[in-house]
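# Just a sequence and a predicted model for now, questions to come.
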Amino acid sequence: MNSPLSLSRRQFLQKSGLAAAAATAPLILPSGLRAQKAPSKQITVGIVGSGNIADSHYGALLGDKENVRIIAVCDVDRERRDEGAARVNKTYGNKDCKAYADFRELNRRDDVDTVFVCTPDHWHALVAIDALRNGKDVYVEKPMTLTIEEGRALVAAARKYNRVAQHGTQHRSMKRFHDVAEFIRNDGLGKLHRIECYIPPNNRHVGATWKPEPVPAGLDWDMWVGPAPWRPYSSLGSHYNFRFISDFAYGQVTNWGAHYLDIGQWAMNADAGGPVEVEGHGEFPSSGLFTNATNVDFTVRYANGTPMFCRTRYEGGGTSRFVGERGWLDISRGRMSASNPDLLREMQAPGKKIQLELSNNHHDNFFSCVRSRKKPIADVEIGHRTTTVCNLGQIAMVLGRKLKWDPVKEEFVGDDMANRLRGRAMRSPWALT
Amino acid sequence: MSEKKRPALDPAAEAARNADRKSNAGPTPDPWEACATLEYGGDRSFAWSVREQVVRALPEEKARAEQSLLKALGRKDCTEAGRAFLCQMLALVGTSKSVAALAPLLKDPKSADAARYALEAIPGPEVDAALRDALGSLSGNPKAGLIGSIAKRRDTTARAVLAGIRENPSETPIVREAAARALDHLTTAKS
């Protein structure tokens, strides 16, 4: 196995920017070393992970030439990083954007202001924390982290290094989701009975067994696996499909759940807390490559008794329904409807007592906060709390029992096994510290 | 001494037993033992069965689950995939009773990560001692991972040895970096 960290000391020091002080300097950049660097007019971006989800960022970022400039792209797959860098350079008409195989090299560039973390989920925390440690502001794709422990560590790093950290839950920057959350917060539906969240189905059937395959040329598989438990390469268990394998992700629970449960959290005014109870039943495959629940069904309950459930919907994609004493509201990316059209009209009426922050563009909001140093609309704490709700559901489904959750201590009450599932040891040399 | 009378089987059970005698299929393996020889990509149905028993173990059943996992882990034919799985299960039900079996695995670079999958989650000073003790046996990446586990467990008694590693020029950069980060992490931990 190749060592992902087999850098020579000289390489390490160069990459850490510490070569000049090699003899006696500590190996870690001190906190806040770059913390006060003010971005120039154009904010520079490095993209780590140049696959499926990065595609959704390239277009928007490259279209904002006045304010944003992508100067570095990283992927452990040579083909992907070269394609990403070529796309950037073609748009800008130069060759300035560099491609990297190792995110640490990108994170140590002094001229990178912000890092977009677009890797598979099991890498989010480590890449983001390394970027924060090196003075970057970060935009972290959803789910913010794989585990609850990672999420808390990422929040701590953002605060420690005083950086802006946006969670990639862009529903927060879509007006219709804002309007629904605000309407619920102002008791627009009267007493809220429940929140129903539906997510697309998990997994695809690929047989009861799978065969390890040779690693394709140009792919650093050891680095791809990174902190997750080791497994040999398989073409069905890597790019994109990683989300169906619980070593790397929790499937649609975190992929789409992070979006729809997030709006529930917003509507429940739970951005700094969360539910107090969870129970669930998942149908997990007993054989085959994919290990996440094929059928998801869990319910979290908030302290005021309001339940929010998350279930697989086999047709129609993700959606949320808010059900209250005055009727219901359905919302998804494509449409919004209500049991009574008056509810939609009331929702648009001005002068609500509780007014939620309005952002109409998730990227713009992030870059605006990079300049102002304010917290973004989906700040890292909010992202962590939403990702925690996803994790609570996953853990309840794995254990198959009702669990009590203390959102202040971030502990399950009276269930040692559930608490152990809040985190997991990482494959060496990776660590959360 | 009177001979014990065998309880009568109901007819259906008797028929099943007779049919089983005629079967040309092999005996059902112990699923716990079968997990030891798990292969990447192979049939994981026994592992699934064990996982279900572990996660649903009642408090009084956890000790037996731990014993069964340790017994399988001790098999000479334990595969890399099997060891990793068994240790991941021990992460859920393991106690200080697992330390004696896991400590030697922790000192072997080929099995150190798997041992940490279990040990990092098991509470108790015995685990902290085993982790510290393995520092002298490992080098390079496995040692960096081990240091990360020590830091995550907030073992402040490891400060001095970690400081020594950080300053030791014969350690690899990644190990020294891990030690430096661990020390930084431990500064916020209670003594």
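It's in.

# List the contacts of residue 112.
Unless you meant another one, I'm taking chain A. Each residue near A:Val112 by CB atoms under 8 Å, 6 or more residues apart in numbering or on different chains is listed here: A:Thr44, A:Val45, A:Gly46, A:Ile71, A:Ala72, A:Leu106, A:Lys136. (Each C-beta comes from the backbone N, C-alpha and C, glycine too.)

# The chain in question should be chain B.
A:Ser428, B:Leu105, B:Leu106, B:Ala134, B:Leu138, B:Pro142, B:Gly145, B:Leu146 are the contacts of B:Ala112 under CB under 8 Å, 6+ apart.

# quick one: it from B:Leu119, how far?
Separation of B:Ala112 from B:Leu119 (CB to CB, to the nearest Å) stands at 10 Å.

# How about A:Gly288?
Distance of A:Gly288 to B:Leu119, given as CB to CB: 29 Å.

# So if I had to pick from those two, which one is more boxed in?
Neighbours per residue (other CB atoms under 10 Å in any protein chain shown) separate A:Gly288 from B:Leu119, with B:Leu119 holding more: 30 against 19.

# okay but the more buried one is in contact with B:Lys107, surely?
No. Applying CB atoms under 8 Å, one finds B:Leu119 not in contact with B:Lys107, separated by 11.9 Å.

# follow-up on the earlier one: out of the contacts of A:Val112, which one sits closest to B:Arg21?
Ranked by distance to B:Arg21 (CB to CB), these are led by A:Leu106 at 66.8 Å.

# Please identify the helix or strand for the closest one.
Counting by DSSP states H and E, the element that carries A:Leu106 is helix A:103-107.

# With B:Gly26 instead?
Assigned by DSSP H and E, B:Gly26 falls within no helix or strand.

# Per-residue pLDDT of it, please?
On pLDDT, B:Gly26 comes in at 80.

# repeat for A:Leu13
With respect to pLDDT, A:Leu13 has a value of 33.

# which helix of chain A spans the most residues?
Ranked by residue count and defined by DSSP state H, the top helix of chain A is helix A:380-399.

# So which of the contacts of B:Ala112 are in helices?
Mapping the contacts of B:Ala112 onto helices (DSSP H) picks out B:Leu105, B:Leu106, B:Ala134, B:Pro142, B:Gly145, B:Leu146.

# Closest to chain A out of the residues you listed?
Distance to chain A, by CB to the nearest CB, is smallest for B:Gly145 among those, at 2.5 Å.

# Test my guess that that closest one contacts A:Pro429.
Yes. B:Gly145 lies in contact with A:Pro429 (CB under 8 Å); the separation is 5.3 Å.

# got any residues that touch both of the two?
Joint contacts of B:Gly145 and A:Pro429 (CB under 8 Å, 6+ apart) are B:Ala178.

# What score does the spatially most central residue of chain B have for pLDDT?
Centroid-nearest residue in chain B, with CA atoms, centre = their mean: B:Cys87, separated by 2.4 Å. Per-residue confidence (pLDDT) for B:Cys87: 98.

# Touching, it and B:Ala115? I think so.
Yes. In this structure, B:Cys87 is within contact of B:Ala115 by CB under 8 Å, at 6.3 Å.

# For the two, list the residues in contact with both.
In contact with both B:Cys87 and B:Ala115: B:Leu102, B:Leu105, using CB under 8 Å, 6+ apart.

# Now render the contacts of A:Val112 as a markdown table, adding secondary structure.
Converted to a markdown table, the contacts of A:Val112 look like this (DSSP: H, G, I helix; E, B strand; the rest coil):
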| residue | secondary structure |
| --- | --- |
| A:Thr44 | strand |
| A:Val45 | strand |
| A:Gly46 | strand |
| A:Ile71 | strand |
| A:Ala72 | strand |
| A:Leu106 | helix |
| A:Lys136 | coil |
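
# which of those residues sit farthest apart?
Farthest apart among the contacts of A:Val112 by CB to CB are A:Ile71 and A:Lys136. That separation is 12.2 Å.

# neighbour count winner among these two?
Comparing A:Ile71 with A:Lys136 by other CB under 10 Å, the one with more neighbours is A:Lys136, at 30 against 20.

# Dig out what the nearest residue to the more buried one once chain neighbours are set aside forms beta bridges with.
Counting by CB to CB, 6 or more residues apart in numbering or on different chains, A:Val115 is the residue found nearest to A:Lys136 once chain neighbours are left out, at 4.6 Å. Using DSSP bridges, the beta-bridge partners of A:Val115 come out as A:Gly46, A:Val138.

# which residues does A:Val115 contact?
Going by CB under 8 Å, 6+ apart, A:Val115 touches A:45-48, A:106-107, A:127-128, A:131, A:136-139.

# That one and A:Arg69, how far apart?
Per CB to CB, A:Val115 is found 14 Å from A:Arg69.

# which stretches of the stretch 151-300 of chain A form strands?
Counting by DSSP state E, counting those that start in this stretch, the stretch 151-300 of chain A has strands at residues A:165-167, A:192-199, A:277-280, A:297-301.

# where in chain B is pLDDT low?
Along chain B, the parts satisfying pLDDT under 70 run over B:1-9, B:189-191.
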